[in-house]
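Colleague: here's my sequence, what's the structure:
(one chain, ligands or ions: 1)
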Amino acid sequence: MKRSCARPGCSSPATATFEYNYGDQMVILDVLADEAHPANYDVCRRHADSMTVPNGWTLVDRRRGPASLAGHLTAP
Ligand SMILES: [Zn+2]
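Modeller: Here you go, the predicted model:
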């Protein structure tokens, strides 16, 4: 089932899912989850790429793909 971006005013198809990890103060961005989860948010590619996190938080980008496989990183 297709889902769309959760950002207000954006109706682009979602390509990524992110969640807030309050314990570690991390925002974890990953490829689009198969199923929607109430604690997660789906966003389009544009909004995933422009993701910002609160002060003191860390953004963890777990997405894989041609765009993120830069330099020495190799897929298993
Ligand atoms: Zn969007």
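Colleague: for the most centrally placed residue in the chain, give its distance to the ion.
Modeller: Centroid check for the chain by Cα atoms, centre = their mean gives residue 29 as the closest residue, at 3.1 Å. In this view, residue 29 and the ion are 13 Å apart by Cβ to the ion, to the nearest Å. (Each C-beta comes from the backbone N, C-alpha and C, glycine too.)
Colleague: cool, residue 43 as well?
Modeller: Counting by Cβ to the ion, the gap from residue 43 to the ion is 5 Å.
Colleague: that residue against residue 3, yeah?
Modeller: No. Using Cβ atoms under 8 Å, residue 43 makes no contact with residue 3, being 9.8 Å away.
Colleague: these two - which one has more neighbours?
Modeller: residue 43 (24 against 15; other Cβ atoms under 10 Å).
Colleague: wait, what's in contact with the more buried one?
Modeller: Residue 43 makes contact with 5, 6, 7, 14, 15, 16, 17, 18, 51, according to Cβ atoms under 8 Å, 6 or more residues apart in numbering.
Colleague: which SS state does residue 48 fall under?
Modeller: Assigned by DSSP: H, G, I helix; E, B strand; the rest coil, the conformation of residue 48 is helix.
Colleague: and the contacts of residue 43 near the ion, which?
Modeller: Among the contacts of residue 43, the residues within reach of the ion (Cβ under 5 Å from the ion) are 5, 7.
Colleague: which ChimeraX command selects the buried ones in the contacts of residue 43?
Modeller: The buried residues among the contacts of residue 43 can be selected in ChimeraX (16 or more other Cβ atoms under 10 Å) with this line:
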select :5,6,7,14,15,16,17,18
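Colleague: any idea what the residue nearest to residue 48 when sequence neighbours are not counted is bridged to?
Modeller: With sequence-adjacent residues excluded and distances taken as Cβ to Cβ, 6 or more residues apart in numbering, residue 48 is closest to residue 16, at 3.8 Å. For residue 16, the beta-bridge partners under DSSP bridges are residue 31, residue 43.
Colleague: I figured residue 16 hits residue 29, correct?
Modeller: Yes. Under the criterion of Cβ under 8 Å, residue 16 makes contact with residue 29 at 5.8 Å.
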